[in-house]
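1. sequence isn't available, so here's the structure alone:
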């Protein structure tokens, strides 16, 4: 899928849903309503966000925005590859051992 903005928005919304889950878990475990003033606006915002994300995901399911990945093959295109460079190889030796007389030092 090439709609990177949608993917980023889905990840952002997922993080906000985790925040809501934390707030609800905190409320349930402590039997407190201390976070209700902050939780209600978050729920309202998430309703709109999730509704928008669902519409955009449905649109991508019906008509996906795709971007080709990798090589594209076209019939009829030809290319010539040639090499004009030459590479010399030499063996690097510490010295000519054929002339050494006696044990190596």
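-> Everything's here; your move. Note that the coordinates shown come from a computational prediction; the quantities given were computed from them, not determined experimentally. Numbering: from 1, shown residues only.
2. would you map the helices across the protein?
-> 4-30, 36-62 (DSSP state H).
3. save the ones you listed as TSV, and put in mean pLDDT and mean neighbour count too.
-> Any C-beta I mention is one placed from the backbone N, CA and C, and that applies to glycine too. Formatted as TSV, these follow (pLDDT from 0 to 100; neighbours: other Cβ atoms under 10 Å):
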stretch	mean pLDDT	mean neighbour count
helix 4-30	91	12
helix 36-62	92	12
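4. so who does residue 9 touch?
-> If you count contacts by Cβ atoms under 8 Å, 6 or more residues apart in numbering, residue 9 has them with 49, 53, 56.
5. am I right that the last one is in contact with residue 7?
-> No - when contacts are counted by Cβ atoms under 8 Å, residue 56 is not listed as touching residue 7 (10.4 Å).
6. what residues are up against the residue lying closest to residue 43 once chain neighbours are set aside?
-> The shortest distance from residue 43 to any non-neighbouring residue, by Cβ to Cβ, 6 or more residues apart in numbering, is to residue 20 (6.7 Å). By Cβ under 8 Å, 6+ apart, the contact set of residue 20 is 39, 42, 43, 46.
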